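> no FASTA, just this:
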């Protein structure tokens, strides 16, 4: 019986970034095509969440808190 450990995906962006592109690690592990995600985070926010098109959640954290 296989046991899967799901780890949270966390991506850190620079303190002044408002837009970003990242790779969904879950999709990359499953060899999915185009595992990239484009997103934004307002400078008023220190953290946020986003989902890839396949529904994998990614937590976004801003550096320099």
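Great, that's in hand. Since this is a predicted model, take the numbers as computed values, not measurements. Numbers count the residues shown, from 1 in each chain.
> Now for the residue nearest to the spatial centre of the chain: which residues touch it?
The centroid of the chain falls nearest to residue 58 when counting by C-alpha atoms, centre = their mean (3.5 Å). By C-beta atoms under 8 Å, 6 or more residues apart in numbering, the contact set of residue 58 is 9, 10, 11, 22, 24, 37, 49, 50, 51, 52. Where C-beta positions appear, they are placed from N, C-alpha and C, glycine not excepted.
> With residue 51 instead?
The contact partners of residue 51, by C-beta under 8 Å, 6+ apart, come to 57, 58.
> What ranges does this protein have for its helices?
Secondary structure of the chain (DSSP state H): helices located at 25-29.
> Residue ranges in it under the pLDDT threshold?
1-6, 65 (pLDDT under 70).
> ok, 50 please
2 (pLDDT under 50).
> mind listing the strands in this protein by residue range?
9-13, 19-23, 36-40, 47-51, 57-62 (DSSP state E).
> Give me the distance between the two termini of stretch 40-56.
Start to finish, the residues bounding stretch 40-56 are 17 Å apart (C-alpha to C-alpha, to the nearest Å).
> Any buried residues in that stretch, and which?
Using 16 or more other C-beta atoms under 10 Å as the test for burial, stretch 40-56 gives 41, 50, 52, 56.
> Serialize the residues you listed to TSV and add fields for distance to residue 29.
Converted to TSV, the buried residues of stretch 40-56 look like this (distance: C-beta to C-beta, whole Å):
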residue	distance to residue 29
41	24
50	18
52	12
56	10
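> Nearest to residue 64 among these?
residue 41 (13.1 Å; C-beta to C-beta).
> from memory the closest one sits against residue 62, does it?
Yes: with contact defined as C-beta atoms under 8 Å, residue 41 reaches residue 62; the gap is 6.7 Å.
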